[in-house]
Structure formats: structure tokens, C-alpha cells
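J.: Generate coordinates for the sequence data below:
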Amino acid sequence: MEQIVISAYSNTLIPTRAHETDAWFDICARDNYVIPPHWLLKIPVGVKVAMPNGVVCLVVPRSSLFSKKWLLLTNSVWIVDAWYRGEIMMSLYNVSDREAVIEYWERIWQLIFTNYTTDITLSSKFESFEEEYPSDRWTGWFGSTGK
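T.: Numbering: from 1, shown residues only. Modelled structure (predicted):
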């Protein structure tokens with residue numbers, strides 16, 4: 001397989017990009033859903049993808065999912081490997097004290113495709129890592145720019 005193929009439950013649910021230059025494809029809800037307060041719901045997305053090896057699909061929530069509905073995607077980012085051919089499923093958690101409603105054809109998630117490498121060296125030389133693989137960046141503590 002040399003190309004990415006996206007298939008949907010119905011023609012109306014085929015993921016789209018709002019603009020030709022967008023990096024992601026919007027995914028719409030395939031049904032109406034009501035998620036009770038403080039409840040986790042696993043939702044079938046109605047989309048399948050097929051990709052060549054070396055490509056991964058990341059499924060992320062649209063920014064409005066939390067700001068408007070108080071819903072969290074349980075893994076923050078879902079990863080779909082190149083070998084997977086089943087329907088993508090998402091788990092949403094309602095953090096609010098009221099019901100969250102998702103309506104059919106509402107844009108909820110986004111698909112992003114990216115290349116990755118498997119050319120990785122594994123090493124057990126933790127103590128001498130900085131000596132073997134020097135960097136001009138400060139390594140004092142994780143998440144710091146050194147300032």
C-alpha cells in the first residue's frame with residue numbers, strides 16, 4: 001500500500017478538510033449521544049483508515065470539545081497504527097455536572113497523518129548518555145530551556 005485511504009460509515013461522514021492546506025481531517029459524530037455527568041462513553045467514530053508502513057494516524061479532539069461541552073478525550077491523543085483496519089473508537093469523559101450532548105454530524109475529532117521512523121537505537125548506557133551523545137542544549141532538568 002502506498003497511499004492513505006479513509007473510509008466512512010456513510011458518505012455524509014467522510015472526513016473533510018475545511019481548507020485544502022489544512023493538516024487535519026475533521027470527523028463528525030455518526031449518531032446523537034448524551035453523556036451523563038462524570039460519565040465515560042466509548043463512541044464508534046464511523047471511520048476506518050488504511051496507511052502504508054511508516055505512517056501513523058493521530059486522532060485528536062477539536063478544541064471546542066472541551067471549551068463548549070466539557071468533554072475530554074480520555075487518552076488526549078489516540079494512535080491508529082498502520083496495521084489496524086477496524087473502526088476507530090473514541091472514549092469521551094464528561095467532567096461537568098450536567099449532561100453533554102453530541103449531535104449527529106457535529107465535528108468532534110480530527111485525523112492527522114504523519115510519518116515516523118523505526119530506525120531507533122536502544123541503549124542501556126544511561127549514566128554515560130550525555131558523554132556519548134553530547135548536545136549544545138542544557139540538560140539540567142526536563143522541560144527547561146535552561147533560562
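J.: Look through this structure and tell me its longest helix.
T.: helix 64-69 (DSSP state H).
J.: Secondary structure class of the residue lying farthest from the centre of the chain, three-state.
T.: The outermost residue of the chain relative to its centre, with distances by CA atoms, centre = their mean, is Glu131 at 35.6 Å. The local conformation at Glu131, judged by DSSP: H, G, I helix; E, B strand; the rest coil, is helix.
J.: what's the nearest residue to Cys28 once chain neighbours are set aside in contact with, if anything?
T.: Closest residue to Cys28 apart from its sequence neighbours, by CB to CB, 6 or more residues apart in numbering: Trp105 at 4.7 Å. Using the backbone N, CA and C atoms, a C-beta is placed for each residue, glycine as well. Contact analysis of Trp105 by CB atoms under 8 Å, 6 or more residues apart in numbering lists Thr12, Leu13, Cys28, Ala29.
J.: ok but Trp105 is inside a strand, no?
T.: No: read with three-state DSSP, Trp105 is coil and lies in no strand.
J.: Where does pLDDT dip in the chain?
T.: For the chain, residues meeting the criterion pLDDT under 70 lie at 137-147.
J.: Spatially central residue for it, please.
T.: Note: the chain centre (CA atoms, centre = their mean) maps to Val59, 2.2 Å.
J.: what's the helix or strand for it?
T.: Taking DSSP states H and E as the criterion, Val59 maps to strand 55-61.
J.: Assess the claim that Ile27 and Pro44 are in contact.
T.: No: in this structure Ile27 lies outside contact range of Pro44 using CB atoms under 8 Å: 11.2 Å.
J.: Burial check on Ser64, number of neighbours?
T.: 12 (other CB atoms under 10 Å).
J.: same check, this time on Glu20
T.: Glu20: 5 neighbours (other CB under 10 Å).
J.: before we move on, the earlier item: ok, and what's touching the longest helix of the chain?
T.: Under CB under 8 Å, 6+ apart, the answer for helix 64-69 is Leu71, Leu72, Leu73, Leu92, Asn94, Ala100, Val101, Ile102, Ile108, Trp109.
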